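**Student:** let me see the structure of the following:
(one chain, ligands or ions: 2)
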Amino acid sequence: MLDSRKDEASRSVIIRAHSPQTVSFNSLRAHGHINRAIFYQGVKNNLLVEFEHKDSVRHLLEQVSYFSDPGQMPVQSRLLYAVHSSNVYQQHSLPPAFIHTVGTKNFTQQQYQAADSISAQMKGLHKMRSLSDDGSRLRYFMCTLIEDMLRTTLPHCRVDPFGSSSNGFGWEGSDLDMMLTLMHKKQQNPQANFWFLTKRHAEDERTFAQQCLDVVGDMIRVLMPSSHRVSKILNARVPIVKFHHDITDIECDLSCVNVSGAKMSELMFLMGEMDSRVRLLMTTIKQWAKSCEVTRSHPGPWPSNFMLLSLLIFFLQTRSVPVIPSIRHLQALAEPEDHFQVDGVDYAFVTDVQKLTPSKNNQKPEELLLEFFHYYAHFDFEMNGLSLIEAATFPKPDSAAVFIENPLEVDHNISKNVSSSCADKLKDSMLQALRCLETKSVPNRDEPWGLMCLFQPPVEKDTELTWLDKTCEDNGWNHKTSPIIWRELIDRGGKGVLV
Ligand code: GTP
Ligand code: MG
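**Tutor:** Ligands and ions are numbered 1, 2, ... in the order given. Below is the predicted model:
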């Protein structure tokens, strides 16, 4: 999939254009057959044009002028402006049927209202929110743009998407996680290419990634048109270069030699392929977490979408009739070519979904959703860690608020960043979600029901909780042991009681 998507992307150009009608179809066609055109809005309007052959792109680029943003060098790139001096283009513009439009879509209130079950609402939401085929093309295009820039000095490098852009759980507005690989597997000396750039020897993979991204970050800032807010976060556990790409309007995170991250995406992709309910549930949970501010769009002490996905996988593995198997089971089915190493440790999981027997669990998506909220609203995060490898809990090894063992780096906790107050908020919000689904599950033409109630913005509670935290702290009370009871008190006007 990666290779065919990358091939399509390398046969494409992006043209900044006010509307599809301002781009001359005839003048594009003069360079070769066009497979498709996608119109979308970044910071400005743009058209992604995919040619049938790579030669057409080369031919087109020979005839255009280079442009640069202020502070950047004028470089050749597949990002172009349409210059239209006469209305002749309008007469030969792209046929409307030929143009696809990309953009974030919402499932409307009317559509929620008209659905005949919560499961139907979940399906509708998922269809509307998930990353479209055209949105996916834009992301692969972005990867090939960075490859274009680097391949003049690193001819064998690859930039591939991972995370939600390729694991099947992405949305139109998700960030784009990319992994840079500098050499083919075949190359004998894995760091040979990079010595050419740094002339230094890197002691381990992380140091190597830091040195590499230090240089690549500068190259993106200076040489990549339309890249803005480039920042190097090299001291993170996984070093990255972060930037915003204006023309595609995509927030990008570029890492280097991130085998664990990429393999994790492959594993999550497999989980999604195993049973169609996994993606439906994840879309609903992601939307719920966003609406009640359990997750935020930037990193912090709150759960990430990836952590929620891990919670969901664990939940589905541990049903009395499991929806998906443990990773241990996937390991047992792995072929020799499915083995790989992370930091010198061997891992493996089957990659062919056909080898897995479909689940005998036949619960409806809405039943599983309700059970998910019930399970975690009452889960003892204080005592238990979660292992997706064994599909079982284990005594929590440290004082982290939530411990989810990383299946591809077993001594690492996926949710290490989550503070105890954010973990409390997660459980508390799950309890509220549960109550909401229990009381508002019947279709109703006159009142909000089902997911419409679940996605209500958070009730104005934060100031009260801050006040509660402060009061408890001032008086030496420990409300953390039973946060739900405290919050129920607040719900029932407990503020007065407490005062
Ligand atoms: P959104 O960006 O919120 O749409 O979700 P995402 O799945 O892309 O999450 P994120 O951008 O935070 O991380 C990108 C990918 O990195 C994830 O999908 C995982 O494959 C991987 N990843 C994230 N955190 C960890 C971790 O703690 N360990 C490992 N091995 N991989 C991780
Ligand atoms: Mg991501």
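**Student:** residue ranges with poor pLDDT in this protein?
**Tutor:** Residue ranges of the chain with pLDDT under 70: 42-43, 67-69, 71-72, 83-104, 184-203, 457-499.
**Student:** near ligand 2, which residues of it show up?
**Tutor:** Residues of the chain found near ligand 2 (Cβ under 5 Å from the ion) are 163, 164, 175, 177. For the C-beta atoms, the positions are set from N, CA and C on the backbone; glycine is no exception.
**Student:** what residues does the residue of the chain found nearest ligand 2 make contact with?
**Tutor:** Residue of the chain nearest ligand 2, by Cβ to the ion: residue 163 (3.7 Å). By Cβ atoms under 8 Å, 6 or more residues apart in numbering, the contact set of residue 163 is 170, 174, 175, 176, 177, 253, 261, 265, 306.
**Student:** who wins for neighbours among the residues of the chain next to ligand 2?
**Tutor:** Neighbour counts for these (other Cβ atoms under 10 Å) peak at residue 177, which has 26 neighbours.
**Student:** now it: which helix or strand?
**Tutor:** Using DSSP states H and E, residue 177 sits in strand 176-181.
**Student:** name the residues that touch that strand?
**Tutor:** The set of residues external to strand 176-181 that reach it, using Cβ under 8 Å, 6+ apart, is 139, 142-143, 146, 150, 157-165, 212-213, 216, 250-258, 261-262, 265.
**Student:** about what we covered before: ok, the residues of the chain next to ligand 2 vs residue 405, which is closest?
**Tutor:** The closest of those to residue 405 turns out to be residue 163 (Cβ to Cβ; 19.5 Å).
**Student:** which bits of this structure sit near ligand 1?
**Tutor:** Residues of the chain lying near ligand 1 by Cβ under 6 Å from any ligand atom: 162-164, 167, 170, 174-175, 177, 260-261, 264-265, 304-306, 406, 408-409, 414.
**Student:** one more time with 8 Å, if that's ok
**Tutor:** Those residues of the chain that sit near ligand 1, judged by Cβ under 8 Å from any ligand atom, are 162-165, 167, 169-171, 174-175, 177, 237-238, 253, 258, 260-265, 267-268, 286, 295, 299, 304-307, 309, 342, 406-409, 412-414, 416.
**Student:** distance of the residue nearest the centre of the chain from residue 426?
**Tutor:** Taking Cα atoms, centre = their mean, the centroid of the chain lies closest to residue 164, which sits 2.8 Å from it. Residue 164 sits 20 Å away from residue 426, going by Cβ to Cβ, to the nearest Å.
**Student:** ok, now residue 333?
**Tutor:** Residue 333 is 33 Å from residue 426, where distance means Cβ to Cβ.
**Student:** between the two, which one's more packed in?
**Tutor:** A count of neighbours by other Cβ under 10 Å puts residue 426 above the other of residue 333 and residue 426, at 27 against 15.
**Student:** got the contact list for the closest residue in space to that one that isn't next to it in sequence?
**Tutor:** What sits nearest to residue 426 in space, not counting adjacent residues and going by Cβ to Cβ, 6 or more residues apart in numbering, is residue 294, at 5.5 Å. Residue 294 makes contact with 288, 302, 303, 422, 425, 426, 429, according to Cβ under 8 Å, 6+ apart.
**Student:** one more time with 10 Å
**Tutor:** 285-286, 288, 302-303, 308, 422, 425-430, 433, 458 (Cβ atoms under 10 Å, 6 or more residues apart in numbering).
**Student:** between those residues, which is nearest residue 32?
**Tutor:** After measuring the contacts of residue 294 against residue 32 - Cβ to Cβ - the closest member comes out as residue 286, at 40.3 Å.
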